Each structure stands twice: as structure tokens, then as C-alpha cells.
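Trainee: give the three-dimensional model of this entry:
(one chain, ligands or ions: 2)
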Amino acid sequence: MKVTLLGTGTSQGVPVVGCQCAVCHSDDPRDSRLRTAAYIEVEGQHILLDAGPDLRMQLLREEITHVDAVLVTHEHKDHLAGLDDIRPIYFMMKEPMHIFALPRVLKVIRKDYDYAFRQHPYPGVPSFVLHPVNNDPFRVGDVEIIPIHVRHLTLPILGYRIQDVAYITDGSFIAETEMQKLKGLKLLVINALRIKEHYSHFNLQQALAIIERLQPEQAVITHISHEMGLYQEVSQGLPPHVQIGYDGLTYEITKNE
Ligand SMILES: [Zn+2]
Ligand SMILES: [Zn+2]
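Mentor: Ligands and ions are numbered 1, 2, ... in the order given. Coordinates of the predicted model:
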């Protein structure tokens, strides 16, 4: 399995428009962050996690030509505003795009992309097939996906476990029942906004506490604000199996036989 972090930035991205801070003016490419998304290639399936406003640039940068399913974590625009940019892939693959999300999130997709759901759609619109996700594991091809219910302040959102990899973004609370589903991971992708506490996202300390508890082989931080500080500085002092994520970072995960 190959995991690619397409974007690792919080909702405004980094640099932030108009910001004069050192992070927003850093020369280190690892301090530039498109909005959070990831791409997983596993057993012939190509899975996109979220489709934010930077999706077009992310698809171009990683030269992505296949998406078999989009797993959406929640409806906030930094995770959903780029869904229409999936069209070139849809034109190439000539297959409808399968989108998995909570029923509430699917409602938002129907409203925001209403032109794709008309009885006689305008030519050139994407064809979306919507799949509601509840508590039960589901499949993309032969790959089993386990939904992980997380809270983003008071909003219920989803993370996903795909084999030994789990992807959690925008979490501020994970219930005990869901923590149980995150045992024995080879890679945990988890959000942390900054060092200081934040009302609707984990901060670095909270994310590290979850990593410490779950003991994945590796963990990587995503959904990062310019307030986190410079990549180089924040990376120092982390446990050796924990990394601050950056755009384009990839992991090869081998499956246990
Ligand atoms: Zn977000
Ligand atoms: Zn800044």
C-alpha cells in the first residue's frame, strides 16, 4: 500500500493570504501546505481521502490518473470544495465516481453539486454515485474500509481505517469504542493544528497522547496551521516514529501475510 499526503494544511492553507509570519515566508517547501487530503493506492484501488479546494493542483503534482472512490471526512469546504475537479479523472476512467460519506454530508454534496444530480444533467458534469456510511465496514473493490467516528468540536465526522493505516483529520475527540478500532496500526495519520490548544482540533500534545496510547508503528501529523511553527523546528524533539507531515510525503506500507 502506498499512502501520499496530498495536502497537510489547515483550512486556510499555508502561507495564509496576507500573513507576514516566518512560517508563511519560509523558504523550506515543507512549510507550504495545501489543504488536507490524502491518496491511497492499495490492491489495485485508488482511494482519495477528501477533495478540498486544492485538489486540482494536488492531482497535477502527483500525476494522479485514477480515483476509484472518494472517502469524505466531513462537509467543511476545506475538505469538499474541489469535488468538481475530479472530472478529468472521470472523463479518463469513464466510470461514475463513487463517493462515501455520512448521510448528512451526502445531502450537502447533493445541494452543492445539484447540477450533477438532475434527471437530464448538463453535458460534461461529473457522474457521482453516493454511498452512505454508517457504523459498518464497507468495501472499495476488495479492500475493506472501517469507518471511525470522530468529533470535530460537536460535529460528528469520519475517519477511515484501511488495512493497517488509519486517517483521522479535524478530530477534537475520539470515543473509547472508536479508539478500539485503531489498535495495531502500521501508520496513523492524525491531525494537530498547532502547539497551543484549539477548540475544534487536536493540538500537537493531544495528538501525541493518542499516538502514545495507540502505539502505531509510525504516525504522521496533518491539518497543520502556520501557528504550528517551522517544520524544521517542530520536527525536533518528536518521538522517532512520529513525523510532522508535509505535502507530497509518501509511505510504503507492507501487508502482513
Ligand atoms: Zn479541515
Ligand atoms: Zn503566517
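
Trainee: C-alpha only now, for contacts and for neighbours.
Mentor: Noted.

Trainee: quick one, what contacts the residue of the stretch 151-257 of the chain found nearest ligand 2?
Mentor: The nearest approach of the stretch 151-257 of the chain to ligand 2 comes at H226, 5.0 Å away (CA to the ion). If you count contacts by CA atoms under 8 Å, 6 or more residues apart in numbering, H226 has them with 14-16, 23-24, 194.

Trainee: if you set the cut-off to 6 Å instead, what comes out?
Mentor: 14, 23 (CA atoms under 6 Å, 6 or more residues apart in numbering).

Trainee: what does V70 give?
Mentor: 47-49, 99.

Trainee: most surrounded residue in those?
Mentor: L49 (24 neighbours; other CA atoms under 10 Å).

Trainee: for it, which residues are in contact?
Mentor: Applying CA under 6 Å, 6+ apart, the residues near L49 are 37-38, 70-71.

Trainee: how many neighbours does the nearest residue to K77 once chain neighbours are set aside have?
Mentor: Leaving aside its chain neighbours, K77 sits nearest to G52 (6.5 Å; criterion: CA to CA, 6 or more residues apart in numbering). Using other CA under 10 Å, G52 has 26 neighbouring residues.

Trainee: and D78, by the same measure?
Mentor: Residues near D78, counting by other CA under 10 Å, number 23.

Trainee: also K111?
Mentor: By other CA under 10 Å, neighbour count at K111 equals 12.

Trainee: is it in a helix, a strand, or coil?
Mentor: Here K111 takes the helix state, with states given by DSSP: H, G, I helix; E, B strand; the rest coil.

Trainee: and the residue positioned nearest the centre of the chain, what does it touch?
Mentor: Nearest to the geometric centre of the chain sits A37, at 3.7 Å (CA atoms, centre = their mean). Contacts for A37 (CA under 6 Å, 6+ apart) come out as 6-7, 49-50.

Trainee: no further queries at this time; thank you.
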